[in-house]
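Q: Please find the sequence and the predicted model below.
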Amino acid sequence: MKFNKKILVCGASISGTAIAFWLEKSGYEITIVEKFESFRDGGQNVDIKGYGQEVLKLMGIDQEVNEKNTGELGLKYVNKTGTTISTFPKGTIGGLTSDYEILRGDLARIIYEKTARVCDYRFGKYVKSISEDEDSISATFNDGTTKQFTMIICADGIGSTTRDMAMPEYIRFNYLGAYMSFFTIPKTATDDFWAKAYRVTGGSLVFLRPGHQNETTVLVSFLKEMVEPFSQPIAEQKKKLKEVLSGKGGIADRIVQDLDQVQICTLDQ
């Protein structure tokens, strides 16, 4: 294979922007395609621990990440009345909170802005088909254009269609009997800089965590024996969450009340 040093990265979130950062520094010409029409902000909390913190320093973005810190102080488990039953301050065993707490979109944007001038970002574009010969890999995009690369890196998430094209025989999902949902709700006076966890009867768990100035991030996990379609309309996702949380008290009741205002809701198996 002739070495042309051109690499295609599919997906412009944390993994895609990070691999582009390092490969460009190694002398590769990087093209990143992202099916969404513009850069996507938002997302849930990212806890950066251990070697991840060292990588931030090597990339020279540790100060920028710290400036976007959510300020989370630790985790409190609460009961139906909102009373704290256990507390795990930042850095303690059994807690969630690390020194670097940042929302997914904020971290991805920091790396994107570091690479935007030296990498070729193409929003609203994705791979429709790929083919390989002795010299290169050809990618045909949704706009009908075709380009040759040395390598294609699939960083477009768990439902990557590019990965399905490249190695379909290796792609399989094992349903583990549970769903997780991620979204944001309006911040209220009761929301402070502590993450809160509430165990709901029936095998569900709810987390509230500090988000942006006027938002609180929500994570709901619940057990479900039957696997259902991977992607569903938001209205159907909200309906399932209401079935799980309605009448369960505490944080669960608040989430049910706020669900109708939620614009984006991600429900994953």
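A: Structure's in. What do you need?
Q: Strands of the stretch 151-269 of the chain, residue ranges please.
A: Applying DSSP state E, counting those that start in this stretch to the stretch 151-269 of the chain gives strands spanning 151-154, 178-186, 194-200, 204-210, 215-223, 266-268.
Q: where does the nearest residue to N66 once chain neighbours are set aside land on pLDDT?
A: Leaving out its chain neighbours, the residue that sits closest to N66 by CB to CB, 6 or more residues apart in numbering is Y100, at 6.7 Å. Where C-beta positions appear, they are placed from N, C-alpha and C, glycine not excepted. You'll see Y100 listed with a pLDDT of 91.
Q: okay, the strands of the stretch 151-269 of the chain in TSV with distance to R122, mean pLDDT and mean neighbour count next?
A: Output for those, formatted as TSV (distance: least, CB to CB, whole Å; pLDDT from 0 to 100; neighbours: other CB atoms under 10 Å):
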stretch	distance to R122	mean pLDDT	mean neighbour count
strand 151-154	14	94	19
strand 178-186	27	90	19
strand 194-200	37	95	21
strand 204-210	33	94	21
strand 215-223	29	92	19
strand 266-268	24	64	16
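Q: With respect to P233, which of those strands lies nearest?
A: Nearest of the strands of the stretch 151-269 of the chain to P233, taken as CB to CB: strand 266-268 at 10.4 Å.
Q: Next one, pLDDT for A235 please.
A: Turning to A235, the model gives it a pLDDT of 86.
Q: For it, grab the count of nearby residues.
A: Close neighbours of A235, defined as other CB atoms under 10 Å, add up to 8.
Q: beta partners of the residue nearest to N66?
A: Taking DSSP bridges as the rule, Y100 bridges to I48.
Q: So I255 sits against V220, correct?
A: Yes. With contact defined as CB atoms under 8 Å, I255 reaches V220; the gap is 7.1 Å.
Q: Buried residues of the strand or helix carrying D106, list them for me.
A: According to DSSP states H and E, D106 maps onto helix 104-115. With burial defined by 16 or more other CB atoms under 10 Å, the residues of helix 104-115 counted as buried are 104-112, 114-115.
Q: returning to that earlier point: minimum distance to V127: which of the strands of the stretch 151-269 of the chain has it?
A: strand 151-154 (7.5 Å).
Q: Pull out the C-alpha coordinates of the closest one and format them as PDB.
A: The C-alpha coordinates for strand 151-154 follow below in PDB (Å, rounded to 0.1, in the frame of the first residue of the first chain):
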ATOM      1  CA  MET A 151      -7.400   4.600   6.800                       C
ATOM      2  CA  ILE A 152     -10.900   5.200   8.000                       C
ATOM      3  CA  ILE A 153     -11.600   5.500  11.700                       C
ATOM      4  CA  CYS A 154     -15.100   4.900  13.000                       C
END
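Q: Please enumerate the helices of the protein.
A: Taking DSSP state H as the criterion, the chain carries its helices at 14-25, 51-59, 62-67, 104-115, 161-166, 234-245, 250-258.
Q: residues in contact with S204?
A: 220-223, 244-245, 248, 252 (CB atoms under 8 Å, 6 or more residues apart in numbering).
Q: Rebuild the residues you listed as a markdown table, extending it with distance to Q44.
A: Output for the contacts of S204, formatted as a markdown table (distance: CB to CB, whole Å):
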| residue | distance to Q44 |
| --- | --- |
| V220 | 11 |
| S221 | 12 |
| F222 | 16 |
| L223 | 20 |
| V244 | 18 |
| L245 | 18 |
| K248 | 22 |
| A252 | 18 |
